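Trainee: Got a predicted structure here, sequence first:
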Amino acid sequence: MSSWFRWEHNPSRKFFGIELAKYWGYELKLHTRYPSKAFGATEKTVLRTAISELPDTSLQLLQYRILEVLGPPPKELIIKSFLLQAKKEKVSQSNRIMVDAECFNRITGLSILGMDTRGIKNEFKAMFFPPNYSLEHIERFRYHFWNVNPNEGWDHKSNEMLKHIILSDPDLTEGFKHLLEGALSDKKNRRDMAQHYNLSLSPADRTREYLRVGDNAILLQTQLLEREDLKGADLMASIISKTINSGAKLGITPPTTRSEINPNLLDK
């Protein structure tokens, strides 16, 4: 069987590594390195059995598909945390996240975009019936099952390989549609991404966006006046007025003093 998918491109590689370390007979400890042993059909059967015990979700299917074409692990497996489920959890919170489509979509997408765990949890507060996942729940899920952290070796090539394998299977393409149209899309800019994930705006972000709308309208109004398009210029004036009025209702007041000019660092 072809092994074209490299170990480091698997977002669930920590989960795979834990299952292999247990099969190889290692005593699992925090922040430990485990020398790799054989990786053949038997080891893949062990991983397949572990995957089968997870919820029947798109993530489970992705793990199956990756396993079919997965290459060998590195010489050493580095596992910082091996507890897939805290001892106090009667029901695995990681498994709950897998079947919670709305939260799963946000965690997977925002993780690829580089948002930290605290930021992701804060975004949950704006949801109807906010989930009660703790920082620990989200962090454990991200580390073991969706490890796209650059500090753990995830890079642009990893994103491309993940996208490639998702697109290679119709069921995965449908199951990860939100990710393909979001964090893995090459057609969206940062503002599009914020809209796609319905991100909350900070007061500073909100003010900046209102000012941007006003600035664009002012620039366009000037161009229209230069072309003697009075009807179009009047429309822009209306947009400026409505932007200011609606912003005021939200507590957004454009600054009236000039901001301090940033020095040119090259002149120092």
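Mentor: On my side now, so go ahead. Numbers count the residues shown, from 1 in each chain.

Trainee: longest helix in this structure, by residue count?
Mentor: Across the chain, the longest stretch assigned as helix under DSSP state H is helix 203-226.

Trainee: That one: which residues count as buried?
Mentor: Within helix 203-226, the residues that count as buried by 16 or more other CB atoms under 10 Å are 207, 210, 213-214, 217, 220-221, 224. All C-beta atoms are positioned from the backbone trio N, CA, C, and that covers glycine.

Trainee: do stretch 100-114 as well
Mentor: For stretch 100-114, using 16+ other CB under 10 Å, the buried residues are 100, 103-113.

Trainee: Distance check, residue 85 against residue 110.
Mentor: 23 Å (CB to CB, to the nearest Å).

Trainee: Confirm that residue 137 lies within a helix, as I assumed.
Mentor: Yes. Membership of residue 137 in a helix is supported by DSSP: H, G, I helix; E, B strand; the rest coil.

Trainee: residue contacts, the closest residue in space to it that isn't next to it in sequence?
Mentor: Nearest residue to residue 137, sequence neighbours excluded (CB to CB, 6 or more residues apart in numbering): residue 93, at 3.9 Å. Applying CB atoms under 8 Å, 6 or more residues apart in numbering, we find residue 93 in contact with 85-86, 133-134, 137, 140-141.

Trainee: of those, closest to residue 31?
Mentor: Using CB to CB, residue 140 is the member of these that lies nearest residue 31, at 15.1 Å.

Trainee: burial count for the closest one?
Mentor: Using other CB atoms under 10 Å, residue 140 has 23 neighbouring residues.

Trainee: What score does it have for pLDDT?
Mentor: Per-residue pLDDT puts residue 140 at 97.

Trainee: same deal with the one 5 residues further on?
Mentor: In this prediction, residue 145 carries a pLDDT score of 98.

Trainee: That one: how many residues sit nearby?
Mentor: Residue 145 has 24 nearby residues by other CB under 10 Å.

Trainee: I appreciate the help and will end here.
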